[in-house]
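Asks: Below: sequence and its predicted model.
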Amino acid sequence: MEGQTLCWTDIPVVDLDRAIAFYTAMLGAPVTKEEGQPGVEFGLLPHDDNASGCLTLSGDNQPSLNGPLIYLSVDGRLDEAVAAVSANGGIVQQAVHQIGAYGYRAVIIDSEGNRIALHSATA
């Protein structure tokens, strides 16, 4: 298998509309409300040919501060994304910091209670 290892992620949410507004502001790109199976709505994260994911209401998955740490790219706009976190009901858990040769990240708590890393190749 060639390419990226991560191909999709479901980010659990409690309030889909609030989460869509939060992620749209933080990512600086629209998260679109979609319907999969009849009556099943989700927020589709922005993507091109790269891996992506969605915000999902699910009884099986619940927002968590523990477990896997998902990295979302905000390349070139890390400071702007971090500012949007606080302005939209999130918490900055770890401020922007360098992660060696791999660039920079900040760790945040989203509007739903998930721990998420924001990544950029540059500060």
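Replies: Happy to help now that I have it.

Asks: Give the burial count for the residue lying closest to Pro12 once chain neighbours are set aside, as a bare number.
Replies: Leaving aside its sequence neighbours, Pro12 sits nearest to Asn61 (CB to CB, 6 or more residues apart in numbering; 3.9 Å). The C-beta positions use only the backbone N, C-alpha and C, and glycine is treated the same way. Counted with other CB atoms under 10 Å, the burial measure for Asn61 works out to 14 neighbours.

Asks: Kindly list the longest helix within this structure.
Replies: For the chain, the longest helix by residue count, based on DSSP state H, is helix 16-27.

Asks: about what we covered before: next one: the residue nearest to Pro12 from His47, what distance?
Replies: 20 Å (CB to CB, to the nearest Å).

Asks: Now do the longest strand along the chain: everything it contacts.
Replies: In the chain, ranked by residue count with DSSP state E as the criterion, the top strand is strand 91-98. Strand 91-98 has contacts (CB atoms under 8 Å, 6 or more residues apart in numbering) with 78-79, 82, 85-86, 104-109, 115, 123.
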